[in-house]
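Asker: Mind looking at a prediction? Sequence and model below.
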Amino acid sequence: MSKNKKNGTETPVEKNLSNPQYYFNREFSWLEFNRRVLSEGLDPRTPLLERLKFLGIFSSNLDEYFMVRVAVLKKQIEAEVHKLTPDGRTPQEQLDGINQRLLPMVSLQHQFFEETLRPELGKNGIYIFNYIDLNQEQKTYLQNYFEEHIFPVLTPLAIDASHPFPYLSNLSFNLAVMLKNPDTQEDLLARIKVPKILPRFLRLPEKLQQIQENTHTINWVGVPLEQIIAHNLGSLFPGMDIQEYHLFRITRDADLAVQEDEGDDLLLVIEKELRKQRIGGTVVRMEINPTMPSKLKKILMEKLELSEKDVYTVDGLLDLKDLMSFLGLPLPNLKDPSWGSTMPPRLRNYSDDITTRDLNENNGIDFFEVIRQKDLLVHHPYHSFASTVQGFITQAAHDPNVLAIKMTLYRTSGDSPIINALIAGAENGKQVAALVELKARFDEENNIQWARKLEQSGVHVVYGLAGLKTHTKIVMVVRQEEDHIRRYVHIGTGNYNPKTAKLYTDLGLLSCRPELGADLADLFNFLTGYSRQQSYRKLLVAPVNMRGRFIKLIRREIENCKDGDTGRIVAKMNSLVDPEIIATLYEASQAGVKIDLIIRGICCLRPGLKDISENIKVVSIIGRYLEHSRIFYFHNKGKEELYIGSADWMPRNLNRRVEAITPLEDPDNMKELQEILGILLSDNRQAWDLQADGQYIQRRSNDNSPELGSHKILMETVANN
């Protein structure tokens, strides 16, 4: 609210908080997130192989972004959708802006790899050579290797009047080969797919790893697979003159379009859609090298129905996500220091003499006794997933007093001990129910396989709700104890996936508070039956009451400020997109509420705008671990309230997903959570401050202050507790 002088007095002027100038574009904000990921790869403070990892993540993120977000924009343009985003842009304006912003980023990524990281790898004994730079002995070895191991896998496809343009699978890496028939002098074109089943980078045997003028230890010497194929094309086209070859890579629309009312069996509907997806959606991007002649480029664009803005020219290796394979080299001095997750202090104190092996097999710790004493807060990857959440579920599966286990599965690992525990529980005669979200993007096929395996083992499997994606992370264990039944629960921010639990920061609450048990019982009935539960005792549940409860919590801080008290909000999440939540935060800022937002990825709120968001600060933390936990703090006149759960402040989470947020009530857990927020807000190594113009500026320590990396501090804190 600003002031307007009229007749010598100041009157308040209401601001239109839906004005597009107060919002960042969602798509452009995501690109800025990926720029921060790339920056970790450019940062000399990041260990060398970890820098390769971040360049690889940047590329992998872009693949998914084109497969989903860019594909959606293209569909909207084709359908002539003219609806404007909150920042006032059409789908075409967004698509044009993506291209404009992304081209220099991709160019920077590849230039940095070729000019900086590739030489730096060589200094550390890792040589990714081009085929033409090899000596004759090395080339002879690779020619023989090609004939024996690569040639049998390849299928050259002619492209001419009698051979239609071949189907190119999603994310396929291809060689377009230009040939000439020496008898007819006819120009010919063929395509070869670089097979994904072979390693992208082929290592030379140790005896052939000699390097001229080498003064360093040799750790790895090899060449990209596509170059081995390209320099042995004569074997694939005998009798033809090889004129030239050119690499290209395509990305297709991979977003599932599931019409859930088309069939009674959601599993069969999704299986059908996955088969269609394998056949392939429309092509949304093509990556090429600058050496590709315009004639060939034009042919490919016509066949794939692409425009100039869909083509990204890369000077160097295509598809740098394969660089992440070098993290497998046994070179700890070129990686982040190893970290072994530990147990929370309460579990360590419970049984100090239990070995890690014993814990993984769930011997020695009675989780039910620990949880009965008071709520247990776990923080991954600092706390071990195996010795906490996994151990709790495993014990429940084998405990003779447990009557039932219910849980949601959004994503899990391929060799999931969680799945095995559920199967063991069913085999032990317990009532086991699992809601497997078949619509978890890019995990649909994996989840179908697990759903079938669970069903075959006697687990009651539910596939989610029509029109809603079940994203909540919850477990309920029902246990007979003396003359009564007690419900134990886990409510978390992350998936039940032991692998990602080592890479993502997530929080979970283990509790047997009766209100939480009753709420989860109602929520599971909503998920598995026909319940239309509209009220919950403690939980914030989407799409039922979560949006309204969050709005009320923000407005309470506004009223407290108006009453002369302190207003304070700290919220941590992956993304902030929802216009209604953003407008309410703007109102809070105008009322004097001090707001800190820790937003890893997309943020559509503009901080620091005069008379709009002067009291709002936004920070993004990008580093060793993927910040995935969601935390919400409200000062509440000193009667502080803290919440954790699965939802971001996005329309999809609040309107179209089943989500759960739980309050924390134990003082020690609340204190621990506030300490975590304090560490994150004080970060000056991995933190980026969002400016009012949309730029992110990375914090830097100065000569008078130490470098405070939140991930490092949290590891040290847990190790010392």
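Answerer: All right, it came through fine.
Asker: wait, residue 571 sits on residue 603?
Answerer: No - using CB atoms under 8 Å, residue 571 is not in contact with residue 603; the gap is 11.1 Å. To be clear about C-beta, it is placed using only N, CA and C from the backbone, and glycine gets the same treatment.
Asker: shared neighbours, those two?
Answerer: Residues touching both residue 571 and residue 603 (CB atoms under 8 Å, 6 or more residues apart in numbering): residue 597.
Asker: which one of these two has more residues nearby?
Answerer: A direct count of neighbours by other CB atoms under 10 Å for residue 571 and residue 603 places residue 603 higher, at 27 against 24.
Asker: so what's the more buried one closest to, chain neighbours aside?
Answerer: Nearest residue to residue 603, sequence neighbours excluded (CB to CB, 6 or more residues apart in numbering): residue 576, at 4.9 Å.
Asker: mind listing what that neighbour touches?
Answerer: Residue 576 sits next to 582, 597, 599, 602-605, 648-650 when contact means CB under 8 Å, 6+ apart.
Asker: and residue 240, how many neighbours?
Answerer: In terms of burial, residue 240 registers 17 neighbours under the definition other CB under 10 Å.
Asker: Chain neighbours aside, what residue packs nearest to it?
Answerer: Leaving aside its sequence neighbours, residue 240 sits nearest to residue 179 (CB to CB, 6+ apart; 4.5 Å).
Asker: Over to residue 348?
Answerer: Once flanking residues are discounted, residue 348 sits nearest to residue 342: 7.5 Å by CB to CB, 6+ apart.
Asker: so what's that neighbour bridging to?
Answerer: Residue 342 has these beta-bridge partners by DSSP bridges: residue 383.
Asker: ok, it to residue 717 distance?
Answerer: 11 Å (CB to CB, to the nearest Å).
Asker: quick revisit: would you mind naming the residues that bridge with the residue nearest to residue 240?
Answerer: Beta-bridge pairing for residue 179 (DSSP bridges): residue 188, residue 242.
Asker: Can you report how many residues neighbour it?
Answerer: 22.
Asker: State which helix of the protein is the longest.
Answerer: Looking across the chain with DSSP state H, the single longest helix is helix 91-112.
Asker: That one: what's the following helix or strand?
Answerer: Using DSSP states H and E, the helix or strand that follows helix 91-112 in sequence is helix 118-123.
Asker: Name the residues of that next one that are buried.
Answerer: 118, 120-122 (16 or more other CB atoms under 10 Å).
Asker: With pLDDT and distance to residue 481 as extra columns, can I get those residues in CSV?
Answerer: Converted to CSV, the buried residues of helix 118-123 look like this (pLDDT from 0 to 100; distance: CB to CB, whole Å):
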residue, pLDDT, distance to residue 481
118, 96, 62
120, 96, 60
121, 96, 59
122, 93, 64
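Asker: Nearest to residue 528 among those?
Answerer: Using CB to CB, residue 121 is the member of the buried residues of helix 118-123 that lies nearest residue 528, at 52.4 Å.
Asker: The closest one contacts residue 128, correct?
Answerer: Yes - contact criterion CB under 8 Å: residue 121 and residue 128 qualify, at 6.6 Å.
Asker: ok, back up a step: I'd guessed the residue nearest to residue 348 sits against residue 378; true?
Answerer: No - if you go by CB under 8 Å, residue 342 and residue 378 don't touch, sitting 10.9 Å apart.
Asker: Between those two, which has more neighbouring residues?
Answerer: Taking other CB under 10 Å, residue 342 and residue 378 do not tie; residue 378 has more neighbours (23 against 17).
Asker: Just list what the longest helix of the chain packs against, helices and strands only.
Answerer: Applying 3 or more CB pairs under 8 Å, 6 or more residues apart in numbering; DSSP states H and E, we find helix 91-112 packed against helix 26-42, helix 48-65, helix 71-78, strand 311-313.
Asker: how about a cut-off of 6 Å?
Answerer: The contact analysis (3 or more CB pairs under 6 Å, 6 or more residues apart in numbering; DSSP states H and E) places helix 91-112 against helix 26-42, helix 71-78.
Asker: relative orientation of it and helix 71-78 in degrees?
Answerer: Angle of helix 91-112 versus helix 71-78, following axes from the mean of the first three to the mean of the last three CA atoms, to 10 degrees, is 140 degrees.
Asker: follow-up on the earlier one: now the buried residues of helix 118-123 in CSV, with distance to residue 326?
Answerer: CSV is the format used below for these (distance: CB to CB, whole Å):
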residue, distance to residue 326
118, 12
120, 12
121, 8
122, 13
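Asker: Just the closest of the residues you listed to residue 154, please.
Answerer: Nearest to residue 154 among the buried residues of helix 118-123, with distances taken as CB to CB, is residue 118, at 27.2 Å.
Asker: okay, residue 464: pLDDT?
Answerer: Per-residue pLDDT puts residue 464 at 74.
Asker: cool, and residue 14?
Answerer: If you check residue 14, the pLDDT there is 75.
Asker: For burial, what's the neighbour tally of it?
Answerer: 8.
Asker: Over to residue 436?
Answerer: Neighbours of residue 436 (other CB under 10 Å): 27.
Asker: count of neighbours near the residue nearest to it when sequence neighbours are not counted?
Answerer: Using CB to CB, 6+ apart and skipping residues adjacent in sequence, the residue nearest residue 436 is residue 451, 4.4 Å away. By other CB under 10 Å, 23 other residues sit near residue 451.
Asker: and if you look at residue 205?
Answerer: 11.
Asker: excluding its backbone neighbours, what's nearest it?
Answerer: With sequence-adjacent residues excluded and distances taken as CB to CB, 6+ apart, residue 205 is closest to residue 141, at 7.1 Å.
Asker: And that neighbour, what's its pLDDT?
Answerer: pLDDT, residue 141: 96.
Asker: For residue 446, see how far away it is.
Answerer: Distance of residue 141 to residue 446, given as CB to CB: 38 Å.
Asker: Ok, residue 421 next?
Answerer: 18 Å.
Asker: who has more neighbours, these two?
Answerer: In terms of neighbours (other CB under 10 Å), residue 421 is the more surrounded of residue 421 and residue 446; the figures are 24 against 16.
Asker: Can you list the buried residues in the host helix or strand of that one?
Answerer: For residue 421, the host element (DSSP H and E) is helix 417-427. By neighbour count on 16+ other CB under 10 Å, the buried set for helix 417-427 is 417-419, 421-426.
Asker: Do me a favour and average the pLDDT over the helix or strand just after it.
Answerer: Per DSSP H and E, the first helix or strand lying C-terminal to helix 417-427 is strand 431-436. The average pLDDT within strand 431-436 is 93.
Asker: before we move on, what about stretch 476-488?
Answerer: So the average pLDDT for stretch 476-488 ends up being 96.
Asker: Could you report the neighbour count for residue 172?
Answerer: Residue 172 has 18 neighbouring residues, counting by other CB under 10 Å.
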